[in-house]
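Asker: Quick check, what structure comes out for this input:
(2 chains)
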Amino acid sequence: MSLVIHNLHARVVGGQEILRGLNLEIQKGRVHAIMGPNGSGKSTLSKVISGHPDYEVTAGEVLLDGVNILGLEPDARARAGLFLAFQYPVEIPGVSNANFIRAALQARLGEGEELDAVDYYGDLYKEMDKLEIPRAFTARSVNEGFSGGEKKRNEVLQMAMLKPSYAILDETDSGLDIDALKIVAAGVNAQRGPGIGMLVITHYQRLLDYITPDVVHVLVGGRIVHTAGPELAYELEAKGYDWIREELAESASA
Amino acid sequence: MSDSLLLEAAAIPGTLPEWFRNAQSQAAARFDSLPMPSRRDEFWRFSNLKALDPQDFTPARPVADEVAQELVAQSAGVAAAAGTFVFANDHLISRTNSSALAAQGVLWMPISEALENHAGLVEKYFMRSEPALGSSKHLALHLASVRAGTFLYVPKGVHIEAPLQTFHWLAGSGQAVFPHTLIVAEECSSVTVVDWFKSTGDARNMACGVNDLHVGPNAKVHYISVQDWSRQTVSLNSNVTEVAQGASALHLGLHLGGVFSRSESVSRLNGAGARCEMLAATVADHAQEFDQRTLQEHVSPDTYSDLLYKNALYDQSKTIVSGLIRVEPEAHRTDAYQKVRNLILSPDAEANSLPGLEILADQVKCSHGATTGEIDAEELFYMQARGISARDAYRLITYGFLNEVLERLPEATLRETLQSALRNRLQGH
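Answerer: Numbers count the residues shown, from 1 in each chain, chains lettered A, B, ... in the order given. Okay, here's the model as predicted:
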């Protein structure tokens, strides 16, 4: 059981190619990290997998437990078990957080099935407590007026409630101070387990101090160019990305 | 058929005071002599005037007893209301109110009863101001024809915690009703009132209503009207809110029904420190037209008004919001705001916004703005990324857009009732 990205080529609709033959397999039960310099295609990857309409896939496939999801609408991909924690969570005025998450859960039920309200709030409060989110958040509009830390905690809360089989965390550390980062990381770590594969996208190694990956990949120029264990993150932090680029250039000229 | 036939058939039961009978006959004459509105008139720019001819309708006849029983059963409204009146076709079919109200000196009764027993009090407040927004002819028709609705008088210092509500049902076909609401809140009192306007079936009918609020010094009145007539009903409604010194008023319209719905709302800030919020949330679909005209009139200094009107437009629907802020020469240090937001959900829908300012005083803070937009693509994607279908996401985002208006209402239970009415209205989209 895995999320397989095979020879993925993608671009902004009508624009330059950003992903150029990306290959990656995320196994259930494991945490993969993708690191890469600015402009390497990290955020594009998360948006293409989740089906953002601004991007088009020109070649390749994304198989979720063997099923190609690229032809599916974003909501069908999510219901198939995919979750994207947004780098910039979107504000939705007038829709309360509780109603939003409830609608997302309701969307996973069959025709005529109704979510049990008591159970729902029980689960919601339990997960909120883990993330140290105050109860008043249920009534506030989705992400509206939330601090950076509150928004990211809200992403992790949604992930906990929706229980995806594959989760992509896009720059989840951006905009967080160290205390918020610890809470968010603890929330993510609590969800690790055999039932979920995670892809943590980050620019900095800092996040990986708190969410220790099983595998680290380096994304440069729209391709995975290097894969190693968690120690790779420290190497990148210490040496930057240039040495990878140089190795690439050498192997290309060799 | 002469216009007057419509008027003659409508009559209030009981003994009417002379001033009222005179006012009615003068109004009938005025209705006959005034021309129908014209689109050349600034107050009727963009309006569809074809729908407005009252000759197509006759004064509503009472409904059968079993229908009345059914309508009373459907008139739940807000849980724990302090009282509920139910009218069907301008005839009272049910009244419940707590005896505590009467013990506090509160008068709450059908307008016909008030005219009979409290004529002097009613005369002081009944339709006292000149029509300001164009509906002279229809206000004359209302005055000449009115026979149903409620009169509420809240004495000085009395606070009514739970909302009072009135249902106006419209049944049958080709029927006309003239619902009236008159609220007088004396000094330092407070009250919340809800009017529900609802239809049985979807036949073509007409409603020509007036709701006037008189908010005494330091008093607080919240008035909510839910216009949920059938989709074939022609609806005209006029509101004047007079706000005295230090008083605050909140006027919220949830506009859901009607084929052509005209609402005029005037807030007059008469005393220093008076405050008024003017709020409306409108769902327009199919060929519905909502024609909304407002006036924020600042008469005294240090007054505040804040208007927020939001329209969600589906299909070939059309909305107009024409709003004027007028700051009179004495009304220094006025704060006046006017915000119109249109959410366009169909390429065939049409939203018209006509803001206006007339400032004759100094040190005034005024802003007005109208925006028209579509569903935000990032909001849509965010919802879809959570598994919510595009269609459900559209509906939820639209709900949120309008719910921002309902969120301005502090009364939680009432707000939830309105939210549920809004959710029901959006089902099917």
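
Asker: the helices in the chain, which residues?
Answerer: Since you didn't name a chain, this refers to chain A. Under the criterion DSSP state H, chain A carries helices at the ranges A:42-50, A:74-79, A:97-106, A:117-130, A:148-162, A:178-191, A:206-210, A:231-239, A:242-253.

Asker: my bad, the chain I had in mind was chain B
Answerer: Using DSSP H, the helices found in chain B span residues B:3-9, B:18-33, B:65-73, B:99-103, B:111-117, B:119-125, B:136-145, B:377-384, B:390-406, B:412-426.

Asker: weakest of those in terms of mean pLDDT?
Answerer: Lowest mean pLDDT of the helices of chain B: helix B:3-9, a mean of 43.

Asker: Enumerate every residue touching residue A:188.
Answerer: Residues near residue A:188 by C-beta atoms under 8 Å, 6 or more residues apart in numbering or on different chains: A:156, A:159, A:169, A:172, A:198, A:200, A:211. C-beta here means a position set from N, CA and C on the backbone, and glycine is covered the same way.

Asker: hmm, which of those are the buried ones?
Answerer: Neighbour-count burial (16 or more other C-beta atoms under 10 Å in any protein chain shown) is assigned, among the contacts of residue A:188, to A:156, A:159, A:169, A:172, A:198, A:200, A:211.

Asker: The residue located most distally from the centre of chain B and residue A:124, how far apart?
Answerer: What lies farthest from the middle of chain B is residue B:385; by C-alpha atoms, centre = their mean that is 39.4 Å. Residue B:385 sits 19 Å away from residue A:124, going by C-beta to C-beta, to the nearest Å.

Asker: Quickly note the distance from the closest residue to chain A within the stretch 101-250 of chain B to residue B:193.
Answerer: Using C-beta to the nearest C-beta, the single residue of the stretch 101-250 of chain B nearest to chain A is residue B:224, 17.6 Å away. Distance of residue B:224 to residue B:193, computed by C-beta to C-beta: 7 Å.

Asker: residues shared between the contacts of those two?
Answerer: In contact with both residue B:224 and residue B:193: residue B:163, using C-beta under 8 Å, 6+ apart.

Asker: and which of the contacts of residue A:188 is nearest to residue A:15?
Answerer: residue A:169 (25.3 Å; C-beta to C-beta).

Asker: if I pick the closest one, what's in contact with it?
Answerer: Going by C-beta under 8 Å, 6+ apart, residue A:169 touches A:85, A:155, A:188, A:198, A:199, A:200, A:201.

Asker: got a markdown table for these, with distance to residue B:188 too?
Answerer: Below are the contacts of residue A:169 laid out as a markdown table (distance: C-beta to C-beta, whole Å):
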| residue | distance to residue B:188 |
| --- | --- |
| A:85 | 53 |
| A:155 | 49 |
| A:188 | 55 |
| A:198 | 61 |
| A:199 | 63 |
| A:200 | 60 |
| A:201 | 60 |
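
Asker: Of those residues, which pair is most distant in space?
Answerer: Farthest pair in the contacts of residue A:169 (C-beta to C-beta) is A:155 and A:199. Separation: 14.1 Å.

Asker: beta partners for the residue nearest to residue B:252 when sequence neighbours are not counted?
Answerer: Excluding its sequence neighbours, the residue lying closest to residue B:252 (C-beta to C-beta, 6 or more residues apart in numbering or on different chains) is residue B:279, at 4.2 Å. Going by DSSP bridges, residue B:279 is paired in beta bridges with residue B:252, residue B:308.

Asker: so what pLDDT did the residue of the stretch 51-200 of chain B found nearest chain A get?
Answerer: Nearest to chain A in the stretch 51-200 of chain B, going by C-beta to the nearest C-beta, is residue B:79, at a distance of 17.1 Å. Looking at residue B:79, its pLDDT reads 89.

Asker: Please name the residues that touch it.
Answerer: Residue B:79 sits next to B:413, B:417 when contact means C-beta under 8 Å, 6+ apart.

Asker: Kindly report the same for residue B:397.
Answerer: The contact partners of residue B:397, taken as C-beta under 8 Å, 6+ apart, are A:92, A:95, B:375, B:376, B:379, B:380, B:383.

Asker: if we can go back for a sec, out of the helices of chain B, which is the most enclosed?
Answerer: Mean neighbours per residue, mean count of other C-beta atoms under 10 Å in any protein chain shown, is largest over the helices of chain B for helix B:136-145, with a mean of 23.

Asker: and the angle for it with helix B:18-33?
Answerer: With axes from the mean of the first three to the mean of the last three C-alpha atoms, to 10 degrees applied, the angle from helix B:136-145 to helix B:18-33 works out at 140 degrees.

Asker: Which other helices and strands does helix B:136-145 contact?
Answerer: Helix B:136-145 is packed against helix B:3-9, helix B:18-33, strand B:206-215, strand B:234-243, with contacts defined by 3 or more C-beta pairs under 8 Å, 6 or more residues apart in numbering or on different chains; DSSP states H and E.

Asker: Quick check: chain neighbours aside, which residue is closest to the residue of the stretch 301-429 of chain B found nearest chain A?
Answerer: Closest to chain A within the stretch 301-429 of chain B is residue B:400: 3.1 Å, counting by C-beta to the nearest C-beta. Excluding the flanking residues, the one nearest residue B:400 by C-beta to C-beta, 6+ apart is residue A:94, at 3.1 Å.

Asker: My read is that residue B:395 contacts residue B:426, right?
Answerer: Yes: look at residue B:395 against residue B:426 with C-beta atoms under 8 Å: they come within range, at 5.2 Å.

Asker: what's the overlap in contacts for those two?
Answerer: What both residue B:395 and residue B:426 touch, as defined by C-beta under 8 Å, 6+ apart, is an empty set.

Asker: got the residues of chain A near chain B?
Answerer: Within chain A, the positions lying close to chain B (C-beta under 8 Å from any C-beta of the partner chain) are A:50-53, A:73-75, A:78-79, A:83-84, A:86, A:89-95, A:99-101, A:103-104, A:107-108, A:141, A:158, A:162.

Asker: got any ranges where the stretch 51-200 of chain B has weak pLDDT?
Answerer: By pLDDT under 70, the stretch 51-200 of chain B contains no weakly predicted segment.

Asker: please redo it, this time with the cut-off set to 90
Answerer: Within the stretch 51-200 of chain B, the ranges that satisfy pLDDT under 90 run B:51-56, B:79-80, B:97-100, B:129-132, B:134-135.

Asker: Also the stretch 101-250 of chain A?
Answerer: The model of the stretch 101-250 of chain A has pLDDT under 90 over residues A:110-112, A:173-177, A:179-180, A:203-206, A:233-250.

Asker: Quick check: the residue of it nearest chain B.
Answerer: In the stretch 101-250 of chain A, the residue that lies nearest chain B is residue A:104 (4.0 Å; C-beta to the nearest C-beta).

Asker: and the closest residue to that residue other than its chain neighbours, how many residues sit next to it?
Answerer: Nearest residue to residue A:104 in three dimensions, chain neighbours excluded: residue B:386, at 4.0 Å (C-beta to C-beta, 6+ apart). Using other C-beta atoms under 10 Å in any protein chain shown, residue B:386 is surrounded by 26 other residues.

Asker: now do residue B:269
Answerer: Number of residues near residue B:269 (other C-beta under 10 Å) recorded here: 31.

Asker: do residue A:136 as well
Answerer: Quick note: residue A:136 (other C-beta under 10 Å) scores 8 neighbours.

Asker: go on, residue B:201?
Answerer: For residue B:201, using other C-beta under 10 Å, the count is 11.

Asker: need the contact list for the spatially most central residue of chain A.
Answerer: Residue closest to the average C-alpha location in chain A (C-alpha atoms, centre = their mean): residue A:168, at 1.9 Å. By C-beta under 8 Å, 6+ apart, the contact set of residue A:168 is A:46, A:49, A:50, A:82, A:83, A:84, A:85, A:198, A:199, A:201.

Asker: which residue sits closest to the fourth one, ignoring its sequence neighbours?
Answerer: Of all residues not flanking residue A:82 in the chain, residue A:166 sits nearest, at 5.4 Å (C-beta to C-beta, 6+ apart).
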